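1. Next one to model:
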Amino acid sequence: MENLTKIQRSDNKLKSQLQQRKTPVDLKIDLSQYINHAHLVKNDDMEITHRFLLEDIEEQDCILLQVPNINESGYYSGIVGLKSYIDKFYDILRVAVIDPVIDYFFLNPPDKQGEFFNLFNTYTKQGQYWLLYEHQEIYDIVDGFISKYIEKTKASYIGFSIIDGNIDATLAIAKLVKERFPDIKILMGGNGIQVLDFGTLPNTKYTTDKYDFIDVFVMGDGEETFVELLMSDFSDESLRSIKGIVWWDNGKLTHNERRGNIDMESLPFPNYEPLEENYYYNSTYNTNVPLVFSRGCPYRCSFCSVPDFIPTFRYRTIDSVIEEMEHWINKGRYHFFCHDSIINGKPRWLQEFSRRVIEKGWGDGMISWGGNMRLQEHMRDIESMELYYKAGMRKMITGFESASEPVLRHMKKYTKTDGVKEIFENVRKINEGKEYPMQFAMQIIVGYLNETEEDFQRTIDFVKEYHDCMSEILTCSAFLLHEPLKKRWLSEGEKFYNFENNVVYDTDYNTTKQRIEWLDRIEETFKEIRIPYSIYNRGIVLDFYGREKR
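-> So this is what the prediction gives:
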C-alpha cells in the first residue's frame, strides 16, 4: 500500500508538471524529455502509468537493460531485438529486458537543474563516472532497484547496452553492481562501444584497461556473440573461441577476431509488447510501433558519428518489412515509426515500399509512418512525394541543419537551397485541404564552424517562410565540436582562436558569445511563429563559457 501511494503521488506530480508547462525549456540533458516531450502535452487528461516488471519477473539466465538517454532514437531497439532473437532461436535461454532506472525516476522525478541529473548523461565530464558516487541517487538506483532484479531473477549475467550519451552512468552502475554481486558476469555492447578508447571513434577519456568490473565488451552485431557467451562456461578456453569480444585474458584486455554482420533477414520481428506499460517507452513512442528498415547510413555528414558506429549501410528486404507491418496491423496497430538513421538512403527502395503498401490496401490514411529523411534530389519530384503521402508517410524527421549553402557544403549535406525550397513547396501543395498533413520535424544546428551572421539569418528566414510545413523544431542544437572534425578544420588551413576546449572557441566566422546570442535569437523566432521546439546544448556552452559572460 505504501508503494502504491508513492506511485500515485509521483503520478500526480508528473501530470501537474505536464499541465503547467506553457513553453518549451532548454533541454541541457536529453533525459528531461521523458518528462516534457512535446507530444505528451497535447492531451491534459493523459493517464501517466508505469508497470514495475519486478512484481512479476521470474528467474532468468540474463537480464538486459539500457540506461536511458533519448538523444538516441533507437532506444530499446537493440536489447529488444536481442531478446526477440533468443526467444525465437534459443528458447532454452531465459532472458528478460528490464528498466530499473525508469522505475526509480518514475517514483523520484529528477531535479532537471540538479548536478546529479546533469552528470547522469554528461557531455561536459565524459569519462569521470566516479563523480556520480558523490550523489545518493546512484546508490538508490542500484541498491533499491537493480539489485532487487538481480536477487529475484538470480541472473548469472547482466547485459548493458550503451550509446554515446549514457556511458558514464552505465559505468557507474556496472561498477556498483560488480561490487555487490562479484559473481555476476557483466557484458557491455551497443553502438556506444565505438566511443571507448579502442573503438572506431575513440575517446581516450574512456580508459577501458581500468574497467576490470566489465567482464566482456561486445563489438558489432551482438546476436550470435551474445548467445555464444550465455552458452559458454566462461572459461578462458571458451572465451578465446568467441568472435567479436574484448575480454580479460589473464588480466590483459584481449581483442578476439571480429565477427561479420548478421544477415538482417534472419532476425525476427522485435517484440515490444512487454514494454507497452513502461512509462518511458510510452512517452517516446505513444501508439507507434517501432520499425527498422535498415542499419547504418550511406552519407558522411561531418558532424555525424553513425557511419563510424555502423560502417556498412544495409536494408532489409521489402517483403520482410511488409510481413512485420502486417503482423502488427492484424493486431489492430496502424501507426509506425522507423528507427533508421535514414529511411531514404535508397530512394528506389522507399518508392517500391510505398507502392507495396498501397497494393496491400493500407494506403489513403489507413496506416501512418515516418522517420529520418535526408533532404535530397528525389524529393523535388512531387510525384514521389505524393506516392509517399498516399502510402501513409506523415512525419519526416529531417537534418535540415542550415539554410546556408557554404555551411551545408562543409557539413557534406545536400547543398542546393533552391532544391530544398522546392521540396517544401511540394509538401505545401500536397497538404492543401488535407486533414492530416505531411510535415517535417526539423533538426537545426546553430554555430557551425564556418557559419556567419548572414548564414544564420538565412536559417531564421527559411523557418519563418516554411513553418506551415513543420510540426515542430525537434532539435535546435548548439554545435559541439568533435575531434575528427577539429583535425579536418585545421588541415584545411582554418584556425581556432581563444580555444579552451571543444565547446568554447572562436573561428574567423563566429565566436562562442555569438553562438549563445544566436540560440537566444532563434528561440524568439520559434516563439514568434508559435512552433513547439527544444533547444539543446545551450546549458553545456554556458557552463563552459560562464553564465555571467552571457
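2. what separates the residue sitting furthest away from the middle of the chain from Asp249, distance-wise?
-> What lies farthest from the middle of the chain is Glu237; by Cα atoms, centre = their mean that is 36.5 Å. Distance of Glu237 to Asp249, computed by Cβ to Cβ, to the nearest Å: 10 Å. To be clear about C-beta, it is placed using only N, CA and C from the backbone, and glycine gets the same treatment.
3. and what of Gly144?
-> Plainly put, Gly144 is 35 Å away from Asp249 if you go by Cβ to Cβ.
4. Low-confidence bits of this protein, can you list those?
-> Applying pLDDT under 70 to the chain flags the ranges 1-48, 70-75, 112-113, 123-124, 283-284, 298-299, 303-311, 548, 550.
5. tell me the strands in the stretch 151-300 of the chain, going along the chain?
-> 157-161, 185-189, 216-218, 245-249, 252-255, 289-291, 294-295 (DSSP state E, counting those that start in this stretch).
6. Count the residues that sit near Thr49.
-> Neighbour count of Thr49, defined by other Cβ atoms under 10 Å: 12.
7. nearest to Thr507, of the strands of the stretch 151-300 of the chain?
-> Ranking the strands of the stretch 151-300 of the chain by proximity to Thr507 (Cβ to Cβ) places strand 294-295 first, at 34.6 Å.
8. tell me what the closest one is packed against?
-> Where contact means 3 or more Cβ pairs under 8 Å, 6 or more residues apart in numbering; DSSP states H and E, strand 294-295 is packed against strand 314-315.
9. Remind me what the strand it packs on packs against, helices and strands.
-> By 3+ Cβ pairs under 8 Å, 6+ apart, strand 314-315 packs against strand 294-295.
10. Just give me how far the strand it packs on sits from the chain centre.
-> A distance of 14 Å separates the centroid of the chain from that of strand 294-295, by Cα atoms, centre = their mean, to the nearest Å.
11. ok, Val427 - contacts?
-> 385, 437-440, 469 (Cβ atoms under 8 Å, 6 or more residues apart in numbering).
12. How many neighbouring residues does the nearest residue to Thr507 once chain neighbours are set aside have?
-> Spatial nearest neighbour of Thr507, excluding adjacent residues (Cβ to Cβ, 6 or more residues apart in numbering): Leu449 at 5.7 Å. Using other Cβ under 10 Å, Leu449 has 23 other residues around it.
13. Can I take it that Leu449 is in a helix?
-> No: read with DSSP: H, G, I helix; E, B strand; the rest coil, Leu449 is coil and lies in no helix.
14. quick one, phi/psi of it?
-> When read as degrees, to the nearest 10, the backbone of Leu449 gives phi -50, psi -40.
15. residues in contact with it?
-> Leu449 neighbours (Cβ under 8 Å, 6+ apart): 410, 479, 481, 485, 489, 494, 507, 509.
16. In PyMOL, how would I select the buried members of the residues you listed?
-> Those of the contacts of Leu449 that count as buried under 16 or more other Cβ atoms under 10 Å are selected in PyMOL with:
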select buried, resi 410+479+481+485+489+507+509
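17. by contact count, what packs against the host helix or strand of Arg515?
-> Assigned by DSSP states H and E, Arg515 belongs to helix 512-529. Contacts defined by 3+ Cβ pairs under 8 Å, 6+ apart place helix 512-529 against strand 439-446, helix 453-466, strand 470-478, strand 533-536, helix 538-545.
18. Out of the ones you listed, which is closest to Asp140?
-> Nearest of these to Asp140, taken as Cβ to Cβ: helix 538-545 at 24.6 Å.
19. Which strands and helices lie in contact with the closest one?
-> Looks like helix 538-545 contacts strand 470-478, helix 512-529 (3+ Cβ pairs under 8 Å, 6+ apart).
20. returning to that earlier point: redo the contacts of Leu449 as a markdown table? Include distance to Arg51.
-> What follows is these, written out as a markdown table (distance: Cβ to Cβ, whole Å):
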| residue | distance to Arg51 |
| --- | --- |
| His410 | 47 |
| Phe479 | 39 |
| Leu481 | 41 |
| Leu485 | 43 |
| Trp489 | 48 |
| Glu494 | 53 |
| Thr507 | 50 |
| Tyr509 | 51 |
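21. quick check, nearest of the contacts of Leu449 to Ser534?
-> Checking those one by one against Ser534 (Cβ to Cβ), the nearest turns out to be Phe479, at 15.6 Å.
22. My read is that that closest one contacts Phe456, right?
-> No: the criterion here is Cβ atoms under 8 Å, and Phe479 misses it with Phe456 at 11.3 Å.
23. Run through the helices of the stretch 351-500 of the chain in chain order.
-> 382-390, 405-411, 417-430, 453-466, 483-491 (DSSP state H, counting those that start in this stretch).
24. Need those in a markdown table (columns: distance to Asn191).
-> Formatted as a markdown table, those follow (distance: least, Cβ to Cβ, whole Å):
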| stretch | distance to Asn191 |
| --- | --- |
| helix 382-390 | 28 |
| helix 405-411 | 21 |
| helix 417-430 | 29 |
| helix 453-466 | 29 |
| helix 483-491 | 16 |
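25. Could you single out the most deeply buried of those helices?
-> Mean neighbours per residue, mean count of other Cβ atoms under 10 Å, is largest over the helices of the stretch 351-500 of the chain for helix 405-411, with a mean of 20.
26. intersection of neighbour lists for Phe479 and Phe456?
-> Val446.
27. Neighbours of Gln443, how many?
-> Counted with other Cβ under 10 Å, Gln443 comes out at 17.
28. and Phe145, backbone torsions?
-> Dihedral angles (degrees, to the nearest 10) for Phe145: phi -130, psi -60.
29. How about the contacts made by the nearest residue to it once chain neighbours are set aside?
-> Excluding its sequence neighbours, the residue lying closest to Phe145 (Cβ to Cβ, 6+ apart) is Pro100, at 3.8 Å. By Cβ under 8 Å, 6+ apart, Pro100 lies in contact with 54, 65, 141, 145-146, 148-149.
30. so how far is Glu55 from Pro100?
-> 13 Å.
31. Break this structure into its domains for me.
-> The chain breaks down by automatic domain parsing into domains covering 58-255, 287-549.
32. May I have the distance across the shortest one, first residue to last?
-> Taking Cα to Cα, to the nearest Å as the measure, domain 58-255 stretches 34 Å from start to finish.
33. Next: stretch 528-540.
-> Note: stretch 528-540 ends 25 Å apart using Cα to Cα.
34. what do you get for stretch 87-97?
-> With Cα to Cα as the measure, stretch 87-97 spans 12 Å from end to end.
35. Contacts for that stretch, please.
-> 53, 57-65, 76, 79-80, 82-83, 86, 153, 227, 230-231, 268, 271, 274-275.
36. Can you say which of those residues are buried?
-> Buried, going by 16+ other Cβ under 10 Å: 53, 57, 60-65, 76, 79-80, 82-83, 86, 153, 227, 230, 275, out of the contacts of stretch 87-97.
37. Show me those residues that map onto helices.
-> Of these, the ones assigned to helices by DSSP state H are 79-80, 82-83, 86, 153, 227, 230.
38. Can you pick out the most distant pair from the residues you listed?
-> Thr153 and Val227 (18.4 Å).
39. ok now do Tyr533, which residues does it touch?
-> Tyr533 makes contacts with 24, 472-473, 476, 523, 526, as judged by Cβ under 8 Å, 6+ apart.
40. Take those residues and write them to TSV, including distance to Asp221 and neighbour count.
-> Shown next, in TSV, are the contacts of Tyr533 (distance: Cβ to Cβ, whole Å; neighbours: other Cβ atoms under 10 Å):
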residue	distance to Asp221	neighbour count
Pro24	37	20
Glu472	33	19
Ile473	34	26
Cys476	34	26
Glu523	41	19
Phe526	40	23
